[in-house]
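# I'd like to go over a predicted model; first the sequence, then the structure.
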Amino acid sequence: MKHIKGVIFDLDGVICHTDKYHYLSWKKVADELGIEFDEKINNRLRGVSRMESLEIILEKSVKSYNDYEKNQIAEKKNSIYRQYLMTMTPNDISRDVHDTLYLLRDKGYYLAIGSSSKNAKLILEKTQLLNVFDAISDGTNITHSKPNPEVFLKAAEMLNLPPNNCMVVEDAISGIIAGNNAKMITIAIGDANNSEVATYNIEKLSDIISILEN
Ligand code: BG6
Ligand code: MG
């Protein structure tokens, strides 16, 4: 794939397992409100913004909440979530992910983050990955959530690359669709693996090396 010059990675569930912290934090909030919430509903939240995630959780609520209450709930979830993030260290990045990122850099690829999260920079700081990426497109610079392609188009723009020179790695179906909508090659890992919407499915991040070298 000689035309691919940039690789754009989703963060939660691809680079690190903060997806499990999102789940635990929403679970705590949902339990307190007496709202049914499980891993299956949680999978619908992958790649979806904080407020849109809350709307999905509230589908199971018998009570309705006004905007003020919704903001309070979202803030509560975020403060629980950030307590988990504060415990993160470089050890939360697997050897496979770490080595793949450094190998790609050595090979001259431009690397970016394309995440819906407003906490992306904090996570990259705690795991000491800030300097590995040439660009960070995240929840702070977008107005439309995945499957809208905005977050990936912004990442390509930050890398100074046309979208068709970029590849996207995602664990969310919404993220794969966003990458397809951006006219990028899409790679599905984790929860999105075998969903049949991505250009390729992989088991572990280092599998992208052979795809790129094909
Ligand atoms: C995405 C996660 O990366 O970020 C979603 O997959 C999450 O589950 C979204 O809702 C927003 O995250 P944050 O950190 O801004 O609440
Ligand atoms: Mg994800």
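Received it, and whenever you're ready, just let me know what you need. Ligands and ions are numbered 1, 2, ... in the order given.

# Please identify the buried residues of the least confident helix or strand in the chain by mean pLDDT?
Within the chain, judged by mean pLDDT, DSSP states H and E, the helix or strand with the poorest mean is helix 39-43; its value is a mean of 94. Neighbour counts over helix 39-43 (16 or more other CB atoms under 10 Å) mark Ile41, Asn42 as buried. (Glycine included, C-beta is placed from N, CA and C.)

# next helix or strand past that helix?
Once the chain leaves helix 39-43, the next helix or strand it forms, by DSSP states H and E, is helix 50-58.

# Is any residue of that next one near ligand 1?
Yes - legend: contact between helix 50-58 and ligand 1 by CB under 6 Å from any ligand atom is shown at Arg50, Ser53.

# Local confidence estimate at the residue in the chain that ligand 2 sits nearest to?
Proximity of the chain to ligand 2 (CB to the ion) peaks at Gly13, 3.5 Å away. If you check Gly13, the pLDDT there is 94.

# Could you tell me how far the host helix or strand of Ile209 lies from the centre of the chain?
Taking DSSP H and E as the definition, Ile209 sits inside helix 207-212. Distance, stretch centre to chain centre, for helix 207-212: 20 Å (CA atoms, centre = their mean, to the nearest Å).

# Show me what that helix is packed against.
Counting by 3 or more CB pairs under 8 Å, 6 or more residues apart in numbering; DSSP states H and E, the packing neighbours recorded for helix 207-212 are helix 95-106, strand 166-170.

# List the buried residues for the first one?
Within helix 95-106, the residues that qualify as buried are Val97, His98, Thr100, Leu101, Leu104, counting by 16+ other CB under 10 Å.

# cool, stretch 47-64 as well?
So for stretch 47-64, counting by 16+ other CB under 10 Å, buried means Gly47, Val48, Ser49, Arg50, Ser53, Leu54, Ile57, Leu58.

# re the thing from before, alpha carbons of the least confident helix or strand of the chain, as CSV, please.
Extracted C-alpha coordinates of helix 39-43, given in CSV (Å, rounded to 0.1, in the frame of the first residue of the first chain):
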residue,chain,number,x,y,z
GLU,A,39,-21.7,-4.6,28.1
LYS,A,40,-24.0,-5.0,25.1
ILE,A,41,-25.4,-1.4,25.6
ASN,A,42,-21.9,-0.3,26.3
ASN,A,43,-20.7,-1.5,22.9
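
# Output the contacting helices and strands for that helix.
Packed against helix 39-43, as judged by 3+ CB pairs under 8 Å, 6+ apart, are the following elements: helix 18-33.

# Can you spell out which helices and strands pack onto the helix it packs on?
Against helix 18-33 (3+ CB pairs under 8 Å, 6+ apart) you get helix 39-43, helix 50-58, helix 67-85.

# angle of the longest one against helix 18-33?
Just to be clear, that refers to helix 67-85. 130 degrees (axes from the mean of the first three to the mean of the last three CA atoms, to 10 degrees).

# what residues does helix 67-85 touch?
18, 21-22, 24-26, 28-29, 33, 50-51, 54, 58, 65, 119, 122-123, 126 (CB atoms under 8 Å, 6 or more residues apart in numbering).
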